[in-house]
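Novice: The sequence and its predicted three-dimensional model are supplied below.
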Amino acid sequence: MDTDSARPAVTELRLSAFKTHRNVTLPLGPLTLLSGESGSGKSSALQAYEILARLGSGERLARAVEVVAGGASACVPASARPDEQGRRGFRIGCTVDGPAGLVHLDLAVQAEPELRIVGERLTGGGETLLSTALTDPARPAVQAAWYTAGTTPVTRAPLPDDRLGTALLPLRVAGKTAGQRLVLAAAEQVVVALRSAFPCDPRPEAMRAAGTVRAGG
């Protein structure tokens, strides 16, 4: 495998429930152009991608969703109905290819009434490498379980509900067992790929604005 093919890259963006998108999967290449009529969801797809990229870079959730006008509530599909506790949210994810093989990241975010990550799943090599769930709404944390494959199959610990758990794993996993090393390789692959993402949403109205030309002296 050459260096370019070994470099982690996001190969798929999943919009399970995000704004106008439901159960949409977008294949991605080194350079992907989205085209379509106005209002077809091009900018929404880029916003979902940027949210993942920001979370992968370690940003807190509230800061990451600022890329969407209206914040987290604007990310929720309009048809989504609140549950008995008034909760609504959105779901996005991606697939990353690299030295660790195909790794899948899926994220469930509660936007209302409180903004928090309520579920995260990292899978690869036929294993669930990380899963998180909100078990106590009164605490600003989720219960996480990551693959160990040692004398204890999984390690359980709380993680903050406003950060991407995958990005925190390199600080939490010792890497002593084969299972832990698989978790670290997958997490680092996803983080490297997301940090390398460069979503660009051209805005014609801004491109047509008058600019200032200065002559060099």
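Specialist: Thanks, I have the structure now.

Novice: measure Arg163 to Ala45 for me?
Specialist: According to Cβ to Cβ, to the nearest Å, Arg163 stands 23 Å off from Ala45. Just so you know, the C-beta spots here come from the backbone N, C-alpha and C atoms, and that holds for glycine as well.

Novice: Which residue of the two possesses the greater neighbour count?
Specialist: Ala45 (24 against 18; other Cβ atoms under 10 Å).

Novice: helices or strands next to the helix or strand encompassing the more buried one in the packing?
Specialist: In this structure, Ala45 sits in helix 42-56 according to DSSP states H and E. Judged by 3 or more Cβ pairs under 8 Å, 6 or more residues apart in numbering; DSSP states H and E, helix 42-56 is in contact with strand 9-18, strand 21-27, helix 61-64, strand 88-97, strand 103-112, helix 165-172, helix 178-195.

Novice: With distance to Leu34 added, can I get the ones you listed in TSV?
Specialist: Output for these, formatted as TSV (distance: least, Cβ to Cβ, whole Å):
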stretch	distance to Leu34
strand 9-18	10
strand 21-27	8
helix 61-64	20
strand 88-97	15
strand 103-112	21
helix 165-172	25
helix 178-195	18
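
Novice: Including mean pLDDT, mean neighbour count and distance to Thr128, could these go into JSON lines?
Specialist: Output for the helices and strands packed on helix 42-56, formatted as JSON lines (pLDDT from 0 to 100; neighbours: other Cβ atoms under 10 Å; distance: least, Cβ to Cβ, whole Å):
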{"stretch": "strand 9-18", "mean pLDDT": "96", "mean neighbour count": "21", "distance to Thr128": "17"}
{"stretch": "strand 21-27", "mean pLDDT": "94", "mean neighbour count": "14", "distance to Thr128": "20"}
{"stretch": "helix 61-64", "mean pLDDT": "96", "mean neighbour count": "18", "distance to Thr128": "22"}
{"stretch": "strand 88-97", "mean pLDDT": "97", "mean neighbour count": "23", "distance to Thr128": "14"}
{"stretch": "strand 103-112", "mean pLDDT": "97", "mean neighbour count": "22", "distance to Thr128": "10"}
{"stretch": "helix 165-172", "mean pLDDT": "95", "mean neighbour count": "18", "distance to Thr128": "13"}
{"stretch": "helix 178-195", "mean pLDDT": "96", "mean neighbour count": "22", "distance to Thr128": "10"}
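
Novice: centre of the chain versus stretch 19-29, how much separation?
Specialist: 13 Å (Cα atoms, centre = their mean, to the nearest Å).

Novice: mind listing what the spatially most central residue of the chain touches?
Specialist: The chain has Leu52 as the residue nearest its centroid, 3.0 Å off, counting by Cα atoms, centre = their mean. Going by Cβ atoms under 8 Å, 6 or more residues apart in numbering, Leu52 touches Leu13, Ile92, Gly93, Cys94, Leu105, Leu107, Leu194, Ala197.

Novice: gap between it and Leu122?
Specialist: 13 Å.

Novice: So for those two, which residues contact both of them?
Specialist: Leu105.
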